[in-house]
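**Student:** Provided below are the primary sequence and the corresponding predicted coordinates.
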Amino acid sequence: MTQPEQPALTRARTLVAGNSERFARNVFARLFAMKPVLRELFPAEMARVRESFVDVVDHVLASIAAPDGHGELVDFLAQLGRDHRKYGVVSEHYWLMYDALMSEFEYAFGAGWTDAAEESVGQAMLLLTGVMRGAAESASEPVQWQARVVQKFSITRDRAIVRLVATGPHPAYAAGQYLETQIPQWPRTWRNLSPAIPDNPNGELEFHVRAVPGGRISRTIVSETRVGDVWTFAQRHGTMQLDPAKPSLLIAGGTGLAPLRALLIDYAQYAEPAPVHLFYGTEYPGELYELGVLRQLAATNPWLRITGVTENVDDPWWLTDAADPRQWGLELVYGRVGEVAAGYADWSDRQVLLCGPAPMVFHTALRLRAAGVDADAIAHDPLT
């Protein structure tokens, strides 16, 4: 007895998943063969691009086949279309991508590429490319804007603070959001960075960057960024915000403090906001470089309470010149910041914001939920 034939979109997902790397390579090879100049719009190393591309295609195929969630899919693709303007993608390119996708699906389906399969897959790929194209064409904000580095401070051997000033008008961003960022040393390569201060009329920006293992962009910023460098920014993202009517719990790991810092500075504009307790964690005491600034903020805003958390009691040899965080008189405890915060008190009445390395955010959310915090009350940026 023969197995029933799979629906075309399910079959398409299966074929892509069977060898996603080959699928992505073939699609881009077809695209560049049709218009070789398009290769210049992409970074030299395409691995991350291909991986993200496959994720999008799979998400589209799965969402269309699902009984609901189509509105969220359209919103997702529209944002993606607006984001892709920064690469220099224009309307014509979406039609070329549609042709490349359909050619690769025809090849992958082989004898199974029937009229019905072509129609189903074609409608899905038209939705993918069409919504992105339409959103890009209707976007009103500038594709890119720039800012010049005016100060850089090396905090430790792998942490730096970079301050910039916009070179012209720029779209406003909300405190807590992150910006698509390109540095001059890595053209056509974009990373998301969170400003540590709110948007302001002077166009001032501040970023706290840690050189993460294997992070080429972050390591370049920490080691090579110089005053005078011009950074390029594109779309803003993120929905983290504080409701001044609700008490809040904020948990930051390392330079994940940056967007929460911006939110706290912005929050200080309210006359009598609800209480906020911030747990600021690092691996070593000498890495709590922002405790001095936070102490000043707390001294003039009685609604704010700060707890510093370090995993180790003593600094390693390369941090011997770091300031002793105990000098600022704030509470300092030892342990992993998520574990300390989750066990510190009953947070079931709090709105919770988490920011830091993905493993820290993931495990902290699990501990908070186990401690009785509603999952819907916990917010963080997408984990990558």
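**Tutor:** Now that the structure is in, tell me what you want to look at.
**Student:** Where does the prediction get shaky in the chain?
**Tutor:** 1-6, 384 (pLDDT under 70).
**Student:** Now with 80, please.
**Tutor:** Regions of the chain meeting the criterion pLDDT under 80 cover residues 1-6, 67-69, 271, 320-323, 383-384.
**Student:** So for the longest helix anywhere in the chain, what gets flagged as buried?
**Tutor:** Of all the elements of type helix in the chain, the one with the most residues (DSSP state H) is helix 115-138. Going by neighbour count (16 or more other Cβ atoms under 10 Å), the buried part of helix 115-138 is 117, 120-121, 124-125, 127-136. (Glycine included, C-beta is placed from N, CA and C.)
**Student:** Which one of those residues is nearest to residue 68?
**Tutor:** residue 127 (15.5 Å; Cβ to Cβ).
**Student:** if I pick residue 383, what's in contact with it?
**Tutor:** 358, 361-362 (Cβ atoms under 8 Å, 6 or more residues apart in numbering).
**Student:** and those as a markdown table, adding neighbour count, secondary structure and distance to residue 31?
**Tutor:** As requested, these are exported to a markdown table (neighbours: other Cβ atoms under 10 Å; DSSP: H, G, I helix; E, B strand; the rest coil; distance: Cβ to Cβ, whole Å):
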| residue | neighbour count | secondary structure | distance to residue 31 |
| --- | --- | --- | --- |
| 358 | 14 | helix | 31 |
| 361 | 20 | helix | 35 |
| 362 | 13 | helix | 35 |
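**Student:** In a markdown table: those residues, plus distance to residue 265.
**Tutor:** Below are the contacts of residue 383 laid out as a markdown table (distance: Cβ to Cβ, whole Å):
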| residue | distance to residue 265 |
| --- | --- |
| 358 | 25 |
| 361 | 22 |
| 362 | 27 |
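**Student:** Between the residues you listed, which sits nearest residue 199?
**Tutor:** residue 361 (24.2 Å).
**Student:** Run through the strands of the chain in chain order.
**Tutor:** All strands of the chain, identified by DSSP state E, fall at 145-156, 159-166, 178-182, 191-193, 204-210, 230-237, 248-253, 276-282, 304-310, 331-334, 351-355, 378-379.
**Student:** What's the local residue count around the nearest residue to residue 46 once chain neighbours are set aside?
**Tutor:** Residue nearest to residue 46 in three dimensions, not counting chain neighbours: residue 28, with 6.9 Å by Cβ to Cβ, 6 or more residues apart in numbering. A count of nearby residues for residue 28, using other Cβ atoms under 10 Å, gives 20.
**Student:** can I assume residue 28 is in contact with residue 41?
**Tutor:** No. With contact defined as Cβ atoms under 8 Å, residue 28 and residue 41 do not form a contacting pair (11.1 Å).
**Student:** Distance check, residue 221 against residue 155.
**Tutor:** Using Cβ to Cβ, to the nearest Å, one obtains 12 Å as the distance from residue 221 to residue 155.
**Student:** For those two, work out which one has more neighbours and name it.
**Tutor:** residue 221 (26 against 18).
**Student:** surely that one meets residue 162?
**Tutor:** Yes. With contact defined as Cβ under 8 Å, residue 221 counts as touching residue 162 (6.6 Å).
**Student:** Residues that sit against both of those two, list them.
**Tutor:** Any residue near both residue 221 and residue 162 by Cβ under 8 Å, 6+ apart counts here, and that gives 207, 209.
**Student:** Break the chain down into its structural domains.
**Tutor:** The chain breaks down into these domains under automatic domain parsing: 8-138, 145-237, 248-379.
**Student:** Might you calculate how far the first one sits from the centre of the chain?
**Tutor:** Distance of domain 8-138 from its chain centroid, counting by Cα atoms, centre = their mean, to the nearest Å, is 22 Å.
**Student:** swap in the longest one?
**Tutor:** The gap between the average C-alpha position of domain 248-379 and the chain average comes to 20 Å, counting by Cα atoms, centre = their mean.
**Student:** helices or strands up against the longest helix of the chain?
**Tutor:** helix 8-18, helix 47-65, helix 70-83, helix 91-109 (3 or more Cβ pairs under 8 Å, 6 or more residues apart in numbering; DSSP states H and E).
**Student:** Reformat these as CSV; add mean neighbour count and distance to residue 184.
**Tutor:** Formatted as CSV, the helices and strands packed on helix 115-138 follow (neighbours: other Cβ atoms under 10 Å; distance: least, Cβ to Cβ, whole Å):
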stretch, mean neighbour count, distance to residue 184
helix 8-18, 18, 36
helix 47-65, 16, 20
helix 70-83, 16, 21
helix 91-109, 18, 25
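**Student:** how about those in TSV, adding distance to residue 143?
**Tutor:** Shown next, in TSV, are those (distance: least, Cβ to Cβ, whole Å):
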stretch	distance to residue 143
helix 8-18	30
helix 47-65	19
helix 70-83	9
helix 91-109	14
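**Student:** Mind checking the ones you listed for the one nearest to residue 326?
**Tutor:** helix 47-65 (41.7 Å).
**Student:** so that closest one versus helix 70-83, what angle?
**Tutor:** Orientation check (axes from the mean of the first three to the mean of the last three Cα atoms, to 10 degrees): helix 47-65 against helix 70-83 gives 150 degrees.
**Student:** list the helices and strands helix 47-65 packs on?
**Tutor:** Counting by 3+ Cβ pairs under 8 Å, 6+ apart, helix 47-65 packs on helix 8-18, helix 20-34, helix 70-83, helix 115-138.
**Student:** Which residue is the nearest non-sequential neighbour of residue 329?
**Tutor:** Using Cβ to Cβ, 6+ apart, the closest residue to residue 329 is residue 295 (7.0 Å).
**Student:** I meant residue 331, not that one.
**Tutor:** That would be residue 307: by Cβ to Cβ, 6+ apart, it lies 4.7 Å from residue 331.
**Student:** Residue 343 against residue 371, yeah?
**Tutor:** Yes. Using Cβ under 8 Å, residue 343 is in contact with residue 371, at 7.2 Å.
**Student:** Perfect, I'm done here.
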